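A.B. asks: how would this look folded up:
(one chain, ligands or ions: 2)
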Amino acid sequence: MPYVVTEACIRCKYMDCVEVCPVDCFYEGENMLVINPDECIDCGVCEPECPAEAILPDTEETAEKWLELNRTYAENWPNITRKKDPPPDADAFKGVPGKFEAYFKPDPGEGN
Ligand code: SF4
Ligand code: SF4
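C.D. replies: Residues are numbered from 1 along each chain as shown. Ligands and ions are numbered 1, 2, ... in the order given. Okay, here's the model as predicted:
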């Protein structure tokens, strides 16, 4: 039962989550992060850290469809363990619905 990052992270990318993960299993895309579900040890400490409430256990109905996206992009994006500055307009995208269709980018981020 790993945790996954959902579309609520897109364009918010606050990165409070990365510093608390004991196994460093977050990976950075251009405008969102994902969790490697095969590395996540299901500790749950990242979930309450996310200001966008983007992190959910994959057992939740709304999280299930994000599991494969997390697995796929965790293989292609660089590891991220240090918090960086969020995008300057992050707050404007907090809670906005339909962000995957409108804004998802498959390009990798910079990583650490
Ligand atoms: S804290 Fe939440 S919004 Fe920020 S990068 Fe992590 S998952 Fe995305
Ligand atoms: S649940 Fe724990 S191991 Fe999994 S991503 Fe969050 S902090 Fe890392």
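
A.B. asks: And the helices in the protein?
C.D. replies: 61-64, 67-76, 99-103 (DSSP state H).

A.B. asks: So which residues make contact with the lowest-mean-pLDDT helix or strand in the chain?
C.D. replies: The helix or strand of the chain with the poorest confidence is helix 61-64; it has a mean of 84 (mean pLDDT, DSSP states H and E). Here helix 61-64 makes contact (CB atoms under 8 Å, 6 or more residues apart in numbering) with 4, 6, 56-58. C-beta coordinates here come from the backbone N, C-alpha and C atoms, glycine included.

A.B. asks: With stretch 89-102 instead?
C.D. replies: 7-8, 10-14, 51-52, 103.

A.B. asks: Farthest-apart pair in those, please.
C.D. replies: 51 and 103 (17.7 Å; CB to CB).

A.B. asks: picking that back up, between the helices of the chain, which one is nearest to ligand 2?
C.D. replies: Closest of the helices of the chain to ligand 2 is helix 67-76, at 9.6 Å (criterion: CB to the nearest ligand atom).

A.B. asks: hang on, the earlier thing: give me the subset of the contacts of stretch 89-102 touching ligand 1.
C.D. replies: Of the residues in these, proximity to ligand 1 by CB under 6 Å from any ligand atom holds for 12-14, 52.

A.B. asks: Mark which of the residues you listed are buried, thanks.
C.D. replies: The neighbour-count criterion (16 or more other CB atoms under 10 Å) marks 12-14, 52 among those as buried.
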